[in-house]
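# next one to model:
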Amino acid sequence: MNHITPAALTSWQNFYEIVGSSAGALTGLQFVVITLVTQTRSAGSMRDIHAFGTPTVIHLCTALLISAVMAAPWQTLVSLAVCLAAFGVAGIGYSFRVFWHARKAAYRADVEDWVWYLAFPLLAHLALVGAAVLIWWNVGWALAVVAGDAVMFLLLGVHNSWDTVTFIAVRHGNPSSASKTKDPVEPTSS
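Below is the predicted model:
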């Protein structure tokens with residue numbers, strides 16, 4: 001069985017530099033997306049943003065955080081495993097919060113939205129907890145699981161940002177074509 005050694009962690013440094021810097025840059029671009037949302041007056045409510053905008057930033061920041069944690073000079077694998085497990089458990093809790101907001105949002109999510117905004121992130125957070133357990137057990141391929149998870153969060157952020165921008169472009173370009181929501185210009189009464 002392959003075991004995790006300091007050299008094994010070091011060999012992933014370039015990978016995490018690329019993923020982390022990409023996640024950081026894309027997080028900044030998500031702020032531009034939110035600015036576009038407010039300028040086109042396409043935002044339905046704060047609950048919509050909590051359900052679909054903020055999670056995108058969280059996914060990108062999770063990729064950045066995983067990259068930072070994996071590049072840190074850990075003294076023990078147990079410390080690394082505990083840190084990753086804590087992030088995974090916090091993410092699982094956050095996923096349930098997103099689900100709660102999405103159920104009550106003015107925007108009515110379709111199956112694709114439920115998968116990309118809720119199911120995939122929940123699975124990625126569960127995988128992070130699983131990878132932490134594997135690191136605790138000193139299983140060598142756990143590093144590949146963490147790397148795959150970081151890329152998954154990066155891809156979630158990219159997909160969901162694109163989804164938001166295209167939704168706004170279609171809605172702003174042809175307001176009658178977006179029939180999934182209540183009129184976002186009018187305040188919702190709750």
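
# tell me the buried residues in the longest helix anywhere in the chain?
Taking DSSP state H as the criterion, the chain has its longest helix at helix 142-173. Using 16 or more other Cβ atoms under 10 Å as the test for burial, helix 142-173 gives 142-143, 145-147, 149-154, 156-161, 163-165, 167-168, 171. C-betas here are computed from N, CA, C, even on glycine.

# thought Leu122 was touching Gly93?
No - between Leu122 and Gly93 there is no contact under Cβ atoms under 8 Å: 10.5 Å.

# what about those two, which has more around it?
Neighbour totals were compared for Leu122 and Gly93, and Leu122 leads with 17 against 10 (other Cβ atoms under 10 Å).

# so which residue is dead centre in the protein?
His59 (1.6 Å; Cα atoms, centre = their mean).

# so that one sits right up against Phe153, yeah?
Yes - the pair His59 / Phe153 is scored as a contact, 4.7 Å apart, by Cβ under 8 Å.

# need the overlap of contacts for those two.
Here His59 and Phe153 have Pro121 as joint contacts, going by Cβ atoms under 8 Å, 6 or more residues apart in numbering.

# element containing the residue nearest to the centre of the chain, please.
Per DSSP states H and E: His59 is located in helix 54-71.

# same question for that helix, mean pLDDT?
Across helix 54-71, pLDDT averages out at 90.

# against which helices or strands is it packed?
helix 13-40, helix 77-104, helix 120-136, helix 142-173 (3 or more Cβ pairs under 8 Å, 6 or more residues apart in numbering; DSSP states H and E).
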